[in-house]
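Chemist: Got a predicted structure plus its sequence, pasted below:
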Amino acid sequence: MKFALFAGLVAAASATNPTFIDYQCTSDVTEHGEIDLDVAAILTAVNLGTDAGVTTAVDIYTNGQNSAKSSGLRNLKGFATSGEAKMIGEFQYSLFRAAGNAADDMDTMTVATLGTAAGVKQEEAAMSINFRNTYIYTLHELLDAYADRSVGTTTDNDNAVKAWDEGVAFYVGSTATKGVCSLNSIYGMFECFGQHFTSNGGATSQDTDNISAQSDINAFVMGKFAEGKAIIDGSTFGDTEKENLLKITDEINSAIVKGLVQMYIWVQKTTTSGVAQLSPIVVADLVAQKTKLTKVIGSVIHHEVNACDTDSAALVEANMIAADQNFDATLGALQKNYKCLGFNCISVGAFFGASSGVSMCDDGAQYPDQVETITDNGNTYAISAVNYGYTPGSEVAAHALLDKDLLRIGLYMGQADYANAYRTYSKGRNSVKGSGVVRNYQAFSKGASKMAFSEMDTYKAYFGNDAEFNDKFITAVILGQTDTTMGAAVDYSTVAADARKEIAVKSIQYATTFHYVLREFYDAIDDCKIGNQAANQDGVHAWDEGVVFWAGSLEGADGSGTGQVLAALAEKRAGNYPETKDTTKMGSSVINDSLMADFNAGKTYLQAGSCTEAEALIPGIVSKMITPIIQSAQRYAYYVGNGSNTDKKRAEGYAFMRAVLPLVNACDATSADTIKSNQDYFAPTAMHEGSDAVFEAYQRTLGCLGVTCAMVGDLDDGAYPGRPACTTDFEFGGPAAAAKVKGVVTALALLVGAFLW
């Protein structure tokens, strides 16, 4: 009988394309919009307060009731269980899985919320269904619309409807009314609390967009739906239109996440005292469900926060999902990630209308965006917050945020979502210049033509004098293309996903970033010589840029965070080479301590106009920066050569090797050949000469590289016995070989004279 019912519904469907609030569909998605009737029916059932009511609710959730499609009834459970079938390669699903979630976790959580016996309240049920189920499926439809349009059709869907219209229908639902609180849809739920927030600079979030009785979030999202429809229905769909449609989808997602953050504040701070009832929400029930509702919100936003800062995501896990605690610390962790999440303090606004309000946060007070105004020699200027213990002499917070792109690239690569990894690599996301242009790692990788210093000359010579050797390599790895930068043509489409991730991400971290840091330091010397430290875009100091690109933003002011770039590598290797661990600070490295002394000395020299003294620091800085890379290359050589020959470990060793190999080759080509033949990912037999031979090949060139065994230490991470000790007791090719790498004597003198290793 149920089949006859939905068949009749399809036959009787209106031929008129529906309107959802102010959005006029251009295909008939009437039935799609009626999924909100299922939500309404589920809430009616749970409100009975009986076990039978819960059984009915679960049946509607599982099998559907009101929203017909050609093959049967649409159901809300399917929204949360179709990820592996429909959402592979979509950004929201990739980040969800990368955060450690199983494919069907959202469904599992909603089923647990509904339960098997009376007890669930309508507010918790509605929040779970709308945001655990409908939200992710709405985004899927928007991205499916992009995919459809990319292949030249917009109606490659059930009943020939447009996927973009489907997304709008699911978001709004058939019963939504502008400005009216409802638990039946995402749109309706956002109308429930908007009146309690100031935002966009207005006195209230209602009407600030001159749209009568509609929350800011919904006004924004509905406007973006209209913009997206115009692109999809347009006559052209080239690269510009494609990128614009993806940006619109990103913006819609960010608006929903912002709404969930507001909802978290609303749930946490709403009390029964002095708060008017807001039908259909029962305020007393809302307050009583605070912990359960917080868990729902935390489970939905966790993967988004995780793509911005894993440490902040851990707080969401601990304080929203596992328990309901530490609101102030958790909100603070969210606030420092607003920019990465796609919104800001002003758009979130302040919470009011209850006995316990929450003030609007200050974007300028969030790390690393704090700015201090100082006066020096009669000149007043702004400087950024302390970064890894370094106080910049200019405003470089936006530069530091580039490491958040790297975090996101790694998450996408880990899910084999190569399109979104490449988009982040090539377009950027988090680091915005004063001009509005977004920094991206691809531009850094292509920047060798602008790097006129000896170390880069060595790299370019090794890679065939191709100034774009880094980008060509990284692009080939991410997109699965053929690469020839290492000699023979190799096809990365044949490489295992976990290996491709390691090669791509580590090459950005320890080749691209390393080279660009050096570029900034040499640029600082050039600026000094013309008497203008601020001869850069936005008047920043190039030396400061180099330091924050080395450290990133995720390390925090004191280096206690979980970083992504060069500073973090030295900390990791200090745990594997105990001689290089700074035992006075948890997780710290004596190499980083020494580098920080150099960075501060360089800043002081440059501020005093002592260009020659600052330049003399660079060879030692290079030697110290490559030391953790050498440590890492040795470590993975040992693993692969001693019983752990996995794709992933070979790939890690390969990436580290490639990052330093040109410098090794400039010292001793024979040693470089030995290293390459053993650690090349595509070598016929990995580590065929054994780890002792590879260790010796690296260590033969340490003196030439300005590195000592005291700096490298002995590998000792407890994994395997019999690791070879570091030694430089080898015959070497003499001054001619040493002269191939700039500044050896200077570097050694600095190391021995200034620091105790």
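Modeler: Noted; the coordinates are in hand. Numbering: from 1, shown residues only.
Chemist: what residue is smack in the middle of this protein?
Modeler: residue 408 (2.7 Å; Cα atoms, centre = their mean).
Chemist: how about that one, what does it touch?
Modeler: Taking Cβ atoms under 8 Å, 6 or more residues apart in numbering as the contact definition, residue 408 lies against 95, 307-308, 424, 429. To be clear about C-beta, it is placed using only N, CA and C from the backbone, and glycine gets the same treatment.
Chemist: need the next SSE after the helix or strand where it lies, C-terminal direction.
Modeler: Using DSSP states H and E, residue 408 sits in helix 402-414. The helix or strand immediately downstream of helix 402-414 is helix 418-427, counting by DSSP H and E.
Chemist: Can you get me the start-to-end distance on stretch 550-563?
Modeler: Taking Cα to Cα, to the nearest Å, the first and last residues of stretch 550-563 lie 10 Å apart.
Chemist: buried stuff in that stretch?
Modeler: For stretch 550-563, the neighbour count (16 or more other Cβ atoms under 10 Å) marks 550-557, 559, 561-563 as buried.
Chemist: Go ahead and name everything in contact with it.
Modeler: 309-311, 367-368, 385-390, 397, 400-404, 406-407, 513, 517, 564-568, 571, 585-588, 592, 595, 625.
Chemist: Show the residue spans covered by the strands in this structure.
Modeler: 19-20, 23-24, 68-69, 72-73, 371-376, 379-384, 482-483, 490-491, 581-582, 588-589 (DSSP state E).
Chemist: Distance of residue 618 relative to residue 598?
Modeler: 9 Å (Cβ to Cβ, to the nearest Å).
Chemist: Can you give me the pLDDT of the closest residue to residue 422 other than its chain neighbours?
Modeler: Nearest non-adjacent residue to residue 422, counting by Cβ to Cβ, 6 or more residues apart in numbering: residue 478, 4.8 Å away. We have a pLDDT of 98 for residue 478.
Chemist: What is the neighbour count of residue 478?
Modeler: 28 (other Cβ atoms under 10 Å).
Chemist: Kindly report the same for residue 361.
Modeler: Burial of residue 361 is recorded as 20 neighbouring residues (other Cβ under 10 Å).
Chemist: next one: the one 3 residues further on
Modeler: When neighbours are counted by other Cβ under 10 Å, residue 364 registers 10.
Chemist: list the contacts for the closest residue in space to it that isn't next to it in sequence?
Modeler: Closest residue in space to residue 364, ignoring its immediate chain neighbours: residue 371 at 6.2 Å, by Cβ to Cβ, 6+ apart. Applying Cβ under 8 Å, 6+ apart to residue 371 gives the contacts 364, 382-385, 395, 397.
Chemist: How many residues are close by the residue nearest to residue 62 when sequence neighbours are not counted?
Modeler: Nearest non-adjacent residue to residue 62, counting by Cβ to Cβ, 6+ apart: residue 77, 5.0 Å away. Number of residues near residue 77 (other Cβ under 10 Å) recorded here: 20.
Chemist: still on that earlier bit, kindly reformat the buried residues of stretch 550-563 as a markdown table containing distance to residue 170.
Modeler: Shown next, in a markdown table, are these (distance: Cβ to Cβ, whole Å):
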| residue | distance to residue 170 |
| --- | --- |
| 550 | 45 |
| 551 | 43 |
| 552 | 38 |
| 553 | 36 |
| 554 | 35 |
| 555 | 40 |
| 556 | 39 |
| 557 | 43 |
| 559 | 45 |
| 561 | 38 |
| 562 | 36 |
| 563 | 39 |
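Chemist: now, among the residues you listed, which is nearest to residue 47?
Modeler: residue 562 (44.3 Å; Cβ to Cβ).
Chemist: Between helix 418-427 and the helix holding residue 408, find me the angle.
Modeler: Comparing the axes of helix 402-414 and helix 418-427 via axes from the mean of the first three to the mean of the last three Cα atoms, to 10 degrees yields an angle of 160 degrees.
Chemist: Now do helix 402-414: distance to the chain's middle.
Modeler: Relative to its chain's centre, helix 402-414 lies at 5 Å (Cα atoms, centre = their mean, to the nearest Å).
Chemist: Residue 424 is in contact with the residue nearest to residue 422, correct?
Modeler: No: using Cβ atoms under 8 Å, residue 478 is not in contact with residue 424, being 9.8 Å away.
Chemist: quick one: the residue lying closest to residue 256 once chain neighbours are set aside from residue 259, how far?
Modeler: Setting aside the residues directly before and after it, residue 256 is nearest to residue 135 in space (Cβ to Cβ, 6+ apart), at 6.1 Å. Going from residue 135 to residue 259 by Cβ to Cβ gives 10 Å.
Chemist: Look at those two and report which has more neighbours.
Modeler: The neighbour count for residue 135 versus residue 259, taken as other Cβ under 10 Å, is higher for residue 259 (28 against 24).
Chemist: Quick one: residues contacting that one.
Modeler: 190, 217.
Chemist: and it, what pLDDT?
Modeler: Per-residue confidence (pLDDT) for residue 259: 96.
Chemist: about what we covered before: out of the contacts of residue 408, who's nearest residue 220?
Modeler: When the contacts of residue 408 are compared against residue 220 (criterion: Cβ to Cβ), the nearest one is residue 429, at 19.4 Å.
Chemist: Relative to residue 511, how far out is the closest one?
Modeler: Applying Cβ to Cβ to residue 429 and residue 511 gives a distance of 21 Å.
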